[in-house]
Every structure is written in C-alpha cells, then in structure tokens.
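*Asks:* Sequence and predicted model, in that order:
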Amino acid sequence: MVQERLPDERIDTLSLQILIDRDTCMGSGNCVFWAPGTFDLGDDGISVVLEPAEGEERQMFLAQEGCPTRAISLWRDGVEVTSP
Ligand code: SF4
C-alpha cells in the first residue's frame, strides 16, 4: 500500500529533500539524536523536519540509517538516495 506523504514534511536543504513517513514513524527520537538541527519530535511524538533544516548531509544520512522503522527517505532531483 502506498502511503501518502504530506507536502509540508518535504523541504529542500542543500538540494537534499527529506521525507518522513508519519504512518511509519514510531517516535523513537533516533533522528533527533543524529541530526538535531534537522529533526525534532512534534507534539504528537512524531518526527518533523525543522525549517529551515540545519546540518550536514552526513548527519541526515546517519539519521536515515538510524531510523528503526525506515520512516526517513532522502531525495535529490527526484531520485531516492542512500548513504554515499
Ligand atoms: S528515527 Fe525514525 S522512527 Fe524514530 S522518530 Fe525519527 S523518523 Fe521516527
């Protein structure tokens, strides 16, 4: 089943686009640990992308890799990217 992703969870940062699948996020906070300038937990306990996101791409990839439910995806020019 394809899950809908809300447009306000998608922002551009350093040409890297971050998507959080809110249906998949379990609120573990791992992403906030790895990239505190990019992620935070919202009032509902689900991860949100800070705007503007600050941080290095490496931190964003660490957050993506560290997400226990694979709720974070990173995109560049419409193509999903993984850690270099
Ligand atoms: S690491 Fe993944 S599951 Fe945990 S809060 Fe961040 S997006 Fe949600």
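*Replies:* Right, received. Where do you want to start?

*Asks:* Now do the buried residues in stretch 66-75.
*Replies:* Going by neighbour count (16 or more other Cβ atoms under 10 Å), the buried part of stretch 66-75 is 67, 71-74. In this view, the C-beta of every residue, glycine as well, is placed from N, C-alpha and C.

*Asks:* Can you pick out the most distant pair from those?
*Replies:* Checked with Cβ to Cβ, the buried residues of stretch 66-75 reach their widest spread between 71 and 74, with 11.8 Å between them.

*Asks:* Any idea how far apart the tips of stretch 29-44 sit?
*Replies:* This stretch, stretch 29-44, spans 12 Å end to end (Cα to Cα, to the nearest Å).

*Asks:* do stretch 70-80 as well
*Replies:* 13 Å.

*Asks:* going forward, begin numbering at 674 instead of 1
*Replies:* Will do, 674 is the new start, and the previous item becomes stretch 743-753.

*Asks:* How about the residues of this structure by the ligand?
*Replies:* Residues of the chain lying near the ligand by Cβ under 6 Å from any ligand atom: 693, 698-704, 720, 740-742, 744-745.

*Asks:* what about 8 Å?
*Replies:* Proximity of the chain to the ligand, by Cβ under 8 Å from any ligand atom, involves residues 693-694, 697-705, 707, 712, 714, 719-720, 736, 739-745.

*Asks:* Sounds good, over and out.
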